[in-house]
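[1] have a look; sequence and predicted model below, questions after that.
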Amino acid sequence: MAMDSLIDLGGMSGFSGTIWFVFQVVIACSVIGFVFWKFILHPRSFKDLIEIWDVTDAGVVRWVDKGKWVVDQASGTGIYKLLKHKKAKLMQPPMECAIPTRKGKMKYLFVRTGESGYDYACINQNDWMMDKKPVPLPLSDIDFVKLNLRQALLKKSLSGWFSENKAQIIFITVAVLTLVLLNWVIAFATDSVQAITASAGQQAEALSEIAQSLQSVANQLNPGSSAPQGIEPPPGF
């Protein structure tokens, strides 16, 4: 009964109401799942703490980010990504450059030297003395950049294939959606016809009961009449 009440909230009933209710539930679950992944699961997947010294401008700007190693399942290679600066594509920073935190996480110190996503270096915090200058370790080289550019060109070629076949993909998508919509319209019309038929039957039964009641009253008013008498039509009919 509770499910029927929820289905009837959309102003529909029967098969079309069920489809509409399921569609709403799927959309709601998709939105909730995306929000949960976007703001909870995805940020928590970046385990490493990153302190970044940005020296691209006149001074030094310090900001904090998170990072993780991401493996490309298609090529088997991987890159080190940052949560906030999404353009960064780096090599895995050496483990000996990190220091553990109280919560058991690893903290790295990066230096950003340019506007590109490859212009990062890592500083070994364990080998940094007061009388010794830190030596930045670049987190990218020529081979690493070439590999990433090659993969970017491959993805671009796949997107180019999509652009070339965009018309066919759109046509197939529209055709499928049209069939789904047509099926929904037919189901809705069928439910409407059934509802109208059921309502007409109930009205006919109600009119029949009223006629029988009127006939019973007429028989009580004319107890001597054995044959049922109808109501005389008004003059002119």
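    Yep, it's here.
[2] other SSEs contacting the helix or strand hosting residue 212?
    Element membership for residue 212, per DSSP states H and E: helix 166-221. Under the contact definition 3 or more Cβ pairs under 8 Å, 6 or more residues apart in numbering; DSSP states H and E, helix 166-221 sits against helix 14-36. Backbone N, C-alpha and C define where each C-beta goes, glycine included.
[3] dump the helix it packs on to PDB, keeping only the CA atoms.
    C-alpha atoms of helix 14-36 as PDB (Å, rounded to 0.1, in the frame of the first residue of the first chain):
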ATOM      1  CA  GLY A  14      -0.600   1.100 -13.300                       C
ATOM      2  CA  PHE A  15       2.400   0.200 -15.500                       C
ATOM      3  CA  SER A  16       3.200   3.800 -16.500                       C
ATOM      4  CA  GLY A  17       3.200   4.900 -12.800                       C
ATOM      5  CA  THR A  18       5.600   2.000 -11.900                       C
ATOM      6  CA  ILE A  19       7.900   3.000 -14.800                       C
ATOM      7  CA  TRP A  20       7.900   6.600 -13.700                       C
ATOM      8  CA  PHE A  21       8.500   5.700 -10.100                       C
ATOM      9  CA  VAL A  22      11.500   3.400 -11.000                       C
ATOM     10  CA  PHE A  23      12.900   6.200 -13.300                       C
ATOM     11  CA  GLN A  24      12.700   8.700 -10.400                       C
ATOM     12  CA  VAL A  25      14.400   6.200  -8.000                       C
ATOM     13  CA  VAL A  26      17.200   5.500 -10.500                       C
ATOM     14  CA  ILE A  27      17.800   9.300 -11.100                       C
ATOM     15  CA  ALA A  28      17.800   9.900  -7.300                       C
ATOM     16  CA  CYS A  29      20.200   7.100  -6.600                       C
ATOM     17  CA  SER A  30      22.500   8.200  -9.400                       C
ATOM     18  CA  VAL A  31      22.600  11.800  -8.100                       C
ATOM     19  CA  ILE A  32      23.200  10.600  -4.500                       C
ATOM     20  CA  GLY A  33      25.900   8.200  -5.700                       C
ATOM     21  CA  PHE A  34      27.700  10.900  -7.700                       C
ATOM     22  CA  VAL A  35      27.700  13.400  -4.900                       C
ATOM     23  CA  PHE A  36      28.900  10.700  -2.400                       C
END
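[4] make 374 the first number, not 1, from now on.
    In the new numbering, first residue 374, that becomes helix 387-409.
[5] just the angle for it relative to helix 539-594, thanks.
    Per axes from the mean of the first three to the mean of the last three Cα atoms, to 10 degrees, the angle that helix 387-409 makes with helix 539-594 is 130 degrees.
[6] which strands or helices does the following helix or strand past helix 387-409 pack on?
    Once the chain leaves helix 387-409, the next helix or strand it forms, by DSSP H and E, is helix 415-417. With contacts taken as 3+ Cβ pairs under 8 Å, 6+ apart, helix 415-417 sits against no other helix or strand.
[7] what mean pLDDT does the following helix or strand past helix 415-417 get?
    On the C-terminal side of helix 415-417, the closest following helix or strand by DSSP H and E is strand 421-427. Mean pLDDT, computed over strand 421-427, is 93.
[8] direction included, what does the helix or strand just after strand 421-427 pair against?
    Per DSSP H and E, the first helix or strand lying C-terminal to strand 421-427 is strand 434-444. Here strand 434-444 has these sheet partners by DSSP bridges: strand 421-427 (antiparallel), strand 451-455 (antiparallel).
[9] could those strands go into a markdown table alongside mean neighbour count?
    Shown next, in a markdown table, are the strands paired with strand 434-444 (neighbours: other Cβ atoms under 10 Å):
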| stretch | mean neighbour count |
| --- | --- |
| strand 421-427 | 19 |
| strand 451-455 | 19 |
